[in-house]
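Visitor: Build the 3D model from these lines:
(2 chains)
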Amino acid sequence: MGLRPRPKQRFEVTALDGLALAVAPGEVFGLLGPNGAGKSTTVGVLTTRVRPTAGRAWIGDHEVWTERVVVKRLIGVVPQTPNLDLALTAREILTFHGAYFGLPAAERERRAQELLERFQLTDRADHLVLGFSGGMLQRLSIARALMHAPKVLFLDEPSAGLDPQTRLLLWDLIRRDNERGTTILLTTHNMEEADALCSRVAIVDHGKLIALGTPEELKRSIPGGYVVRLHLSGPPPAPLVASLRQLPGVTEVRASGDGALDLYADRGGSLIPEIARLSNEAAAEIRDVKISEPSLENLFLHHTGRSLRD
Amino acid sequence: MNFKTFLAMLRRDAHVARRNFVTLLLQTLFQPMLLVFVFGRVMTASGLIRADYKGMLLPGIIALAMLLSGVWSVAMPLVSEFQFTKEIEDRLLSPMEIEWVAVEKVVAGMLQAVAAGLVVLPTAWLVMGSGVGLSFSQPLDLMALVLLVSCMAAAIGLTLGTSVGQTQIGLMFSLVIAPMIFFGCAYYPWSSLARFPVLQKVVLVNPMVYATEGFRSALVPRFPHLPKPAIYGGLLLFDVLFVAFGLRQFRRKAVG
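Guide: Below you'll find the model as predicted:
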């Protein structure tokens, strides 16, 4: 699966700007970025649902836009918001999906039963899905995408809006499916999710690739690893910035507007007394301190100057 | 075109229609039956309207029922599936060109329109009582008309369903469907508009006119009706027009 650079322009908005990626078979690949980064557009282009205005995309040897029908057989798509057929029961959703993909009747019944069991949906299998909880809808969406045994599974924000327990169950299901050989591309703005599931992660913002690597590599690439974010009541005085930079363990200090000051360091909490002392000396008032441990979140902050949830 | 996929989608629609059978039946039958009962029975029996109005009205009612159920059965699900539930995605991702998803919707809508006609015709006949005087001497014409009218209904449904926003459904009914029905020559033959020469020309842009006049020509040829070439010409033209435009709208809606 791969993407060639392809600026996508429509209504003067470029959703993807020269993004080029290659995902290897068997990978769990994460596309990480804030809302509006171009993640869903990327999935749309790769799943025949968005026509690229320029550039090309492949699934295996097949170019997505020109070989749409072939590509649709190879992919399974789990959308950001469930789009299940509300007129059908959970089991019928699976069997009709199988029928659309030409599975014979006995085969689709068997696979539907197997997936209902694997996704813990058997007790509601013959109910209409209208009253299903968010977690059940999401599980059923994934089960449906797997009905025709796709080679590549696309998950767009799979655990958005799910409670932590359901999220863990979902991660487990995704991992197990990957072990069965399905290549998975997921988008998320949740660092924890990318960290927990992905063998490689691409960080995207404004349709551009910002960083690419395993979660460990990416985390190692952040100077220091820890980020101590200080909020001062005014613009940070230059002498303070200079003296903070001298602190042992601090690798980088960056002012990021509105009185915010980011310290990249190899330690966190133990820096606080010294920071407080230096701020006092510089007559700068600290309003808030936030320490974050090495994470992809910090990486994003490091590369874009913005938090993921901004 | 993938025949297996296409058939599976038709089976899905049939399955859902079977599940909602009673609702669908009421939805199709109730309104035409009210019309038939009031105009065809009450007002003719009371002498307010001449008895032979029954035969004039019945073809109009059949056209009305077929059009409404065809338009409704395609347009309403499309509006919600594209804009609200996004259910259509599953079918757009099935291994078939997306245009065939639209064609399947049209075929399913045609089947519903035909079913509506088959249900309404005998029921209306019964409700009106004696003196309707239907003729079935032109079965081929009738079959061709059923095909063309149902296709037109479903194609109008496709066009509306892919062009109208969810908030505009009420508006669609009062601004598009209502005038179409009232100026569709269902309750009066087209020739009776002779006293309104401008209106008589203007209503020719209403596709429903060709459906009602068509059924009149096939079922009660003793009443005045448009000449057959005009009827078939009009129906064919609107069939092609709405299928083409509906497909274009569908493609625009379906691909980002």
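Visitor: need the residues of the stretch 1-150 of chain B near chain A, please.
Guide: Where proximity means CB under 8 Å from any CB of the partner chain, the interface of the stretch 1-150 of chain B facing chain A comprises B:2, B:4-5, B:8-9, B:11-12, B:15-16, B:19-20, B:85-97. Using the backbone N, CA and C atoms, a C-beta is placed for each residue, glycine as well.
Visitor: Select only the buried ones of these in ChimeraX?
Guide: Applying 16 or more other CB atoms under 10 Å in any protein chain shown to the residues of the stretch 1-150 of chain B next to chain A leaves a buried subset, and the ChimeraX line that selects it is:
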select /B:2,4,5,8,9,12,16,85,86,87,88,89,90,91,92,93,94,95,96
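Visitor: tell me which residues form a beta bridge with the residue nearest to residue A:292 when sequence neighbours are not counted?
Guide: If you skip the residues right next to it in sequence, residue A:292 has residue A:227 as its closest partner in space, 4.9 Å away by CB to CB, 6 or more residues apart in numbering or on different chains. With DSSP bridges as the criterion, the beta-bridge partners of residue A:227 are residue A:264, residue A:292.
Visitor: show me the contacts for residue A:227.
Guide: Under the criterion of CB atoms under 8 Å, 6 or more residues apart in numbering or on different chains, the neighbours of residue A:227 are A:262, A:263, A:264, A:265, A:291, A:292, A:298, A:301, A:302.
Visitor: Quick check on the residue of the stretch 101-250 of chain A found nearest chain B: phi, psi?
Guide: Closest to chain B within the stretch 101-250 of chain A is residue A:102: 4.3 Å, counting by CB to the nearest CB. Backbone geometry at residue A:102, expressed as degrees, to the nearest 10, gives phi 80, psi 20.
Visitor: so what pLDDT did it get?
Guide: According to the per-residue confidence, residue A:102 scores 94 in pLDDT.
Visitor: which secondary element of chain A has the worst mean pLDDT?
Guide: The least trusted helix or strand in chain A, going by mean pLDDT, DSSP states H and E, turns out to be strand A:9-10, with a mean of 38.
Visitor: so how many other residues sit close to residue B:59?
Guide: Here the neighbour count serves as a burial measure; for residue B:59 (other CB atoms under 10 Å in any protein chain shown) it reads 28.
Visitor: wait, residue B:139
Guide: One way to gauge burial is a neighbour count; for residue B:139, by other CB under 10 Å, it gives 9.
Visitor: Same question for residue A:233.
Guide: When counting by other CB under 10 Å, one arrives at 10 neighbours for residue A:233.
Visitor: if I pick residue B:119, what's in contact with it?
Guide: With the criterion set at CB under 8 Å, 6+ apart, residue B:119 makes contact with B:25, B:28, B:29, B:65.
Visitor: Show me the residue sitting in the middle of the chain in space.
Guide: Defaulting to chain A. Nearest to the geometric centre of chain A sits residue A:188, at 2.0 Å (CA atoms, centre = their mean).
Visitor: wrong chain, I was asking about chain B
Guide: If you average the C-alpha coordinates of chain B and look for the closest C-alpha using CA atoms, centre = their mean, you land on residue B:67, 1.1 Å from that point.
Visitor: wait, what's in contact with that residue?
Guide: For residue B:67, the contacting residues are B:113, B:149, B:152, B:153, B:156, B:180, B:184, B:208, B:211, by CB under 8 Å, 6+ apart.
Visitor: Now with 6 Å, please.
Guide: Residues touching residue B:67, when contacts are defined by CB atoms under 6 Å, 6 or more residues apart in numbering or on different chains, comprise B:153, B:208.
Visitor: per-residue pLDDT, residue B:161?
Guide: Per-residue pLDDT puts residue B:161 at 94.
Visitor: hang on, it packs against residue B:78?
Guide: Yes - under the criterion of CB atoms under 6 Å, residue B:161 lies in contact with residue B:78, with a separation of 2.9 Å.
Visitor: And those two? Which one has more around it.
Guide: Of the pair residue B:161 and residue B:78, residue B:161 is the one with more neighbours under other CB under 10 Å, namely 31 against 27.
Visitor: Just the residues contacting the host helix or strand of the more buried one, thanks.
Guide: Under the criterion DSSP states H and E, the helix or strand holding residue B:161 is helix B:139-163. Applying CB under 6 Å, 6+ apart, the external contacts of helix B:139-163 come out as B:66-67, B:70-71, B:74-75, B:78-79, B:106, B:109-110, B:113-114, B:207, B:211, B:214, B:218, B:235, B:238-239, B:242-243, B:245-246, B:249-250, B:253.
Visitor: Would you write a PyMOL line that selects the buried entries of the residues you listed?
Guide: Selecting just the buried residues from the contacts of helix B:139-163 in PyMOL takes one command, with 16+ other CB under 10 Å as the test:
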select buried, chain B and resi 66+67+70+71+74+75+78+79+106+109+110+113+114+207+211+214+218+235+238+239+242+243+245+246+249+250+253
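Visitor: Narrow the contacts of helix B:139-163 to those in helices?
Guide: Mapping these onto helices (DSSP state H) picks out B:66-67, B:70-71, B:74-75, B:78-79, B:106, B:109-110, B:113-114, B:207, B:211, B:214, B:218, B:235, B:238-239, B:242-243, B:245-246, B:249-250, B:253.
Visitor: distance between the helix or strand of chain B with the lowest mean pLDDT and the chain's centre?
Guide: In chain B, no helix or strand scores lower on mean pLDDT, DSSP H and E than helix B:169-172, which sits at a mean of 86. The gap between the average C-alpha position of helix B:169-172 and the chain average comes to 17 Å, counting by CA atoms, centre = their mean, to the nearest Å.
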